[in-house]
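> when you get a sec, could you give me coordinates for this:
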Amino acid sequence: MAVFCILSWRVLWLTMLNRTAPDASPKMALTDTEIALLDELISDVGNRRRRPETLAFYLTKLARLGGYLARAADPPPGNVVIWRGLSRLTDIELGAEIGAAGNVGN
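From the prediction side, this is the model:
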């Protein structure tokens, strides 16, 4: 139960930070590994409304990983798509760490 409370707090914090300080540094809420994976996985094409290298830019990428469409008339991403994106990003991050260790396939 405590783990879910911590995770839900991070999701709520990311969502509210995106709405109150969208021009903040992405390193305020995401690790360097998460930022690098988001740059590698999600293209910048559907993220034209946001300035690059801002928190809102990377949280929109995170939300797109969770199913957010980022259309022009869409409201800011909510808790559900941030949760989905964060869980997928965590799985991808674990897979990248396992792959980098070289213990795969043999």
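> endpoints of stretch 16-26, how far apart?
14 Å (CA to CA, to the nearest Å).
> so Pro76: helix, strand or coil?
Of the three states, Pro76 takes coil under DSSP: H, G, I helix; E, B strand; the rest coil.
> one more: the one 10 residues further on?
Using three-state DSSP, the secondary structure recorded for Leu86 is helix.
> wait, it touches Leu12, no?
No. The criterion here is CB atoms under 8 Å, and Leu86 misses it with Leu12 at 11.4 Å. C-betas here are computed from N, CA, C, even on glycine.
> of those two, who's got more company?
The neighbour count for Leu86 versus Leu12, taken as other CB atoms under 10 Å, is higher for Leu86 (21 against 13).
> ramachandran coordinates for the residue most central in space within the chain?
Ranked by distance to the mean C-alpha position of the chain (CA atoms, centre = their mean), the top residue is Leu62 at 2.7 Å. For Leu62, the backbone dihedrals are phi -60, psi -40 (criterion: degrees, to the nearest 10).
> return the residues in contact with it.
With contact set as CB atoms under 8 Å, 6 or more residues apart in numbering, Leu62 has these partners: Leu14, Leu30, Leu38, Pro77, Ile82, Gly85, Leu86, Leu89.
> equivalent analysis for Glu93, please.
By CB under 8 Å, 6+ apart, the neighbours of Glu93 are Thr33, Glu34, Leu37.
> quick check: which element contains it?
helix 79-101 (DSSP states H and E).
> tell me, how many residues neighbour the nearest residue to Arg84 once chain neighbours are set aside?
With CB to CB, 6 or more residues apart in numbering as the measure, Gly66 is the residue that lies nearest to Arg84, at 3.2 Å, once sequence neighbours are left out. Here the number of neighbours of Gly66 (other CB under 10 Å) works out to 18.
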